[in-house]
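> Any chance you can model this:
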Amino acid sequence: MHEMSVALAVIDQVEQAAAQHGDVTSVRSVRLQVGELAGVVPDSLSFCFELACAGTLLDGAELVTEAVPGRARCAPCAHEWAVGMPPALTCPRCGGSGADLLSGRELKIVSVHWEDGLTHARTREPVPEEC
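This is a model prediction of the structure:
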């Protein structure tokens, strides 16, 4: 289950951002974009995230995942389509196999909502690194 390593990487990046900000007392939520082709099961990631947050600055933080559908564009005819799962990478219009993936592989921290000593709650958008 690689979702645990993804959860640990997200926690590490959020903790680094919080340390750079300084005076962060807790993290309330983390919002991630998860592409349907990223090979990550959102429910498993949420479970692992909850376990991995125990005893950290993120203890009790909510993980909010936004699904990003896989989309492709045919190089020869420029048609765009939802690729689905398993991904259909042959153009449904012309049958061409020169598809470019436009979206669906994302695994990105979009925002972090935390509390610090200066204000009660702040949202940082975006965290500059991707998972």
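
> how far does stretch 57-72 stretch from start to finish?
The first and last residues of stretch 57-72 sit 39 Å apart, counting by CA to CA, to the nearest Å.

> List the buried residues of that stretch.
Residues of stretch 57-72 classed as buried: 57-58, 61, 63, 65, 68, 70-72 (neighbour count, 16 or more other CB atoms under 10 Å). Where C-beta positions appear, they are placed from N, C-alpha and C, glycine not excepted.

> Sitting in strands, which of those residues do you find?
Under the assignment DSSP state E, the buried residues of stretch 57-72 contribute 63, 65, 68, 71-72 to strands.

> and G35, what is it in contact with?
G35 makes contact with 67-70, 103-107, according to CB atoms under 8 Å, 6 or more residues apart in numbering.

> coming back round to it: pipe the buried residues of stretch 57-72 into TSV and attach distance to A18 and pLDDT per row.
Below are these laid out as TSV (distance: CB to CB, whole Å; pLDDT from 0 to 100):
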residue	distance to A18	pLDDT
L57	6	96
L58	9	98
A61	11	98
L63	16	98
T65	20	97
V68	25	97
G70	32	97
R71	33	97
A72	37	97
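
> nearest to M85, of the residues you listed?
For the buried residues of stretch 57-72, the closest approach to M85 (CB to CB) belongs to G70, at 7.4 Å.

> Tell me the spacing between the spatially closest residue to the closest one that is not a sequence neighbour and H21.
Counting by CB to CB, 6 or more residues apart in numbering, G70 lies nearest to G104, which is 2.8 Å off, once chain neighbours are set aside. G104 sits 31 Å away from H21, going by CB to CB, to the nearest Å.

> Can you tell me the element the closest residue to T25 other than its chain neighbours falls in?
Leaving out its chain neighbours, the residue that sits closest to T25 by CB to CB, 6+ apart is E115, at 5.0 Å. Element membership of E115 [criterion: DSSP states H and E] is strand 107-116.

> Since that was my last question, I'll sign off now.
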